[in-house]
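Enquirer: Kindly return the folded structure for what I paste below:
(one chain, ligands or ions: 1)
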Amino acid sequence: MPKSKIRTRLAPSPTGVPHVGTAYQALFGYVWARKNDGSFILRIEDTDRERSSKASEKAIIRALRWLGLQWDEGPDVGGEYGPYRQSERLEIYSKHVSQLLKEGKAYPCFCSRERLAEMRKTRRSGADTGYDGLCRSIPASEAQKRMESGESHTVRLKSPQDGECVFTDLLRGEVRKDWRSVDDQVLLKADGYPTYHLAVVVDDHLMRISHIIRGEEWLNSVPKHVLLYRYFGWEMPVMCHLPLLRNKDKSKLSKRKNPTSIGFYRDTGYLPRALLNYLAMMGWSHPEGEEKFDLENMIDLFELEKVTLGGPVFDVDKLRWLNARYIREDHTPEELVDLLQGWRLNRQTLVRIMEISQGRLQTLSDWGPLTSLFFADDVRPDPADLRACGLEERELREMLQLLVWKLESVQDLDIDTISIELREMADKLGLKLRKLTAPLYVAISGKTSSTPLFDSMAILGPDISLVRLRRALEALGGTSKKQRKALEKRYRDLFEKSG
Ligand code: GLU
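Expert: This is a model prediction of the structure:
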């Protein structure tokens, strides 16, 4: 393939806070494009209408900008193959689905939610967990009539009933999967929105993506995509599924065990170059064994085929060590002062902090200890202080867990939002607001007296606030799997809107 044809993409779903796994995929896609004088594209996959939000899209773009991985085409910069937001491409998907329907490669499914739920209950095991194919057998003319009469339906992919799907992953070689284990995937939902599987294939093709570089969690979906490429008669891009990042105990990297949001690392003063350098080592080794190298150097030496699959461990201590090297070796004191100012020691932030600390100062030197929570990362509450807040231990843990989930669902943590969310929470739990804010205060500040809670959280931002809450939960011994399951149900009953 000529070098100029190399096109990679990052295709995040704007459904939460930007994750280091997204930065990791972005890095490898970016480097591969740059190395080959190709293009790196940002596409926003916002087809999940309930979970997608503009705030999340903004946070993703901000995080990627902070990292310095500039894309050549995307929703904010435009490009030849736009629009780059899937919610703005609905007509394109519907046209492609019509073609599949016409050619008998997909079929409308009129099954109700209730029937599908019932079916799932009875088809629990083995290869038969997917759709049972009831609507496959509806004669085409009848199906057509029912669609025309406006009957609610989805459109499903007609998956082969025998044989094997064989495809190649650049890092794994040949992968095989029995077609019978591939579900008749929904392609178009009843509301006319595509599912991920349809949209990703259509867009990767129309946007001329040459290399799909993404996380291993999508490997199982590839047969559905292979089928769609085949049905449309399109050439498959090169598939490259990067290994999953892992916690130290080798489980999949999770926010319960490590801070995972890019914003956390930005807001606690990691340098973007150090974070990128560290992520580069997740699956790739510098040929000369260097541990500290910059992006340009990686672009020079990188070879996609050399990525290894050994379950890279994202170790925050190692990242801190590398960050320290950047601070020590790459910057003069003057530059570091500039970096500090860009981070939090700027006039605007300092005034915000002063507004909420002024009333508690007797001398100017009280300011340092009073406001250390804004400048330190190792804020960890004393479990005794949490326990002294007047809730039973179990209640305390449950409440902290519920709070974590509640705040995770909020993207903009401004004072009004915090206040509304916490009041709603107290209300639903039948607790006085104070019962809730007291332990929260200890968790956020690590102290029993500090600057006002809501303002402090707003200044710290959602990423740090959430990490501190999780640390408080951890300090109390965390919640067991069983407790979490029960709590998840409670959370759903309390907060999730019906429909
Ligand atoms: N929208 C998917 C995600 O956010 C992208 C998967 C892909 O890269 O194909 O994980």
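Enquirer: Whatever residue of the stretch 151-300 of the chain ends up closest to the ligand: helix or strand, and which one exactly?
Expert: The minimum distance from the stretch 151-300 of the chain to the ligand, using C-beta to the nearest ligand atom, falls at R214 (3.5 Å). For glycine as for every other residue, the C-beta is placed from the backbone atoms N, C-alpha and C. For R214, the element it lies in under DSSP states H and E is strand 211-215.
Enquirer: D315 contacts K248, doesn't it?
Expert: Yes - under the criterion of C-beta atoms under 8 Å, D315 makes contact with K248 at 6.0 Å.
Enquirer: Show the contacting residues for L319.
Expert: Residues counted as contacts of L319 (C-beta atoms under 8 Å, 6 or more residues apart in numbering) are Y265, Y270, A274, L275, Y278.
Enquirer: before we move on, what about D162?
Expert: By C-beta under 8 Å, 6+ apart, the residues touching D162 are W179, R180.
Enquirer: Go again with 10 Å.
Expert: Neighbouring residues of D162 by C-beta atoms under 10 Å, 6 or more residues apart in numbering: D178, W179, R180.
Enquirer: circling back: the residue of the stretch 151-300 of the chain closest to the ligand is in contact with E45, isn't it?
Expert: No - counting by C-beta atoms under 10 Å, no contact exists between R214 and E45, whose distance comes to 11.1 Å.
Enquirer: shared neighbours of the two, anything?
Expert: With C-beta under 10 Å, 6+ apart, R214 and E45 have common neighbours L10, A11, V200.
Enquirer: and which of the residues you listed is nearest K105?
Expert: Each of those was checked against K105 using C-beta to C-beta; the closest is V200, at 17.2 Å.
Enquirer: How many residues are close by that closest one?
Expert: 25 (other C-beta atoms under 10 Å).
Enquirer: hang on, isn't it packed against Q185?
Expert: No - shown here, V200 and Q185 do not form a contact pair, counting by C-beta under 10 Å, at 11.6 Å.
Enquirer: can you list the residues of this protein near the ligand?
Expert: Contact residues (C-beta under 6 Å from any ligand atom) of the chain with the ligand: A11, P12, S13, E45, Y196, V200, R214, W218.
Enquirer: Report the distance from the helix or strand bottoming out on mean pLDDT in the chain to the chain centre.
Expert: Lowest on mean pLDDT, DSSP states H and E among the helices and strands of the chain sits helix 113-122, with a mean of 85. Put simply, helix 113-122 sits 29 Å off its chain's centre (C-alpha atoms, centre = their mean, to the nearest Å).
Enquirer: Flag every buried residue along it.
Expert: L116 (16 or more other C-beta atoms under 10 Å).
Enquirer: Please apply the same query to stretch 165-185.
Expert: Those would be C165, F167, D169, L171, V175, K177, W179, S181, V182, D183, D184, Q185, for stretch 165-185 by 16+ other C-beta under 10 Å.
Enquirer: With stretch 248-260 instead?
Expert: For stretch 248-260, a neighbour-count test (16+ other C-beta under 10 Å) marks L253, K255, K257, N258, P259, T260 as buried.
Enquirer: can you pull the contacts of the fourth one?
Expert: Counting by C-beta under 10 Å, 6+ apart, N258 touches 20, 245-248, 264, 313-316, 319, 467, 470.
Enquirer: Repeat the analysis, applying 8 Å as the threshold.
Expert: Here N258 is in contact with N247, F314, V316 (C-beta under 8 Å, 6+ apart).
Enquirer: Look up phi and psi at it.
Expert: Torsion angles at N258 (phi, psi; degrees, to the nearest 10) stand at phi -150, psi 150.
Enquirer: so what's F374 closest to, chain neighbours aside?
Expert: Once flanking residues are discounted, F374 sits nearest to I353: 5.8 Å by C-beta to C-beta, 6 or more residues apart in numbering.
Enquirer: in what helix or strand does V404 lie?
Expert: helix 393-408.
Enquirer: Pull the distance from that helix to the chain's centre.
Expert: Chain-centre distance of helix 393-408: 21 Å, with C-alpha atoms, centre = their mean.
Enquirer: Which neighbouring elements make contact with the helix or strand that it is followed by?
Expert: Note on helix 393-408: by DSSP H and E, the next helix or strand toward the C-terminus is helix 415-429. If you count contacts as 3 or more C-beta pairs under 8 Å, 6 or more residues apart in numbering; DSSP states H and E, helix 415-429 packs onto helix 393-408, helix 433-445, helix 453-460, helix 481-495.
Enquirer: Try it again at 6 Å.
Expert: Secondary-structure packing of helix 415-429 (3 or more C-beta pairs under 6 Å, 6 or more residues apart in numbering; DSSP states H and E): helix 433-445, helix 453-460.
Enquirer: Other residues contacting stretch 273-280?
Expert: Defining contact as C-beta atoms under 6 Å, 6 or more residues apart in numbering, one finds that stretch 273-280 is touched by A23, Y24, L27, Y265, L295, M298, L319, L322, N323, Y326.
Enquirer: residues contacting the fifth one?
Expert: In other words, L295. Here L295 is in contact with L276 (C-beta under 6 Å, 6+ apart).
Enquirer: cool, the second one as well?
Expert: By C-beta under 6 Å, 6+ apart, Y24 lies in contact with L279, M282.
Enquirer: Now do the host helix or strand of it: distance to the chain's middle.
Expert: With elements delineated by DSSP H and E, Y24 resides in helix 20-35, which encompasses its position. Distance, stretch centre to chain centre, for helix 20-35: 15 Å (C-alpha atoms, centre = their mean).
Enquirer: now the angle from it to strand 211-215?
Expert: Calculated by axes from the mean of the first three to the mean of the last three C-alpha atoms, to 10 degrees, helix 20-35 forms an angle of 160 degrees with strand 211-215.
Enquirer: Now do helix 20-35, average pLDDT.
Expert: Across helix 20-35, pLDDT averages out at 98.
Enquirer: For that helix, could you pull out the residues that count as buried?
Expert: By 16+ other C-beta under 10 Å, the buried positions in helix 20-35 come out as 20-35.
Enquirer: before we move on, what about stretch 467-479?
Expert: V467, R468, L469, R470, R471, A472, L473, E474, A475, L476, T479.
Enquirer: Could you pull up the residues touching the fifth one?
Expert: Residues in contact with R471 (C-beta under 6 Å, 6+ apart) are R380.
Enquirer: any idea which element it lies in?
Expert: Applying DSSP H and E as the criterion places R471 in helix 462-475.
Enquirer: so how far is that helix off the chain centroid?
Expert: 18 Å.
Enquirer: average pLDDT across the helix or strand just after the helix holding Y24?
Expert: Downstream of helix 20-35, the next assigned helix or strand under DSSP H and E is strand 39-42. For strand 39-42, mean pLDDT rounds to 98.
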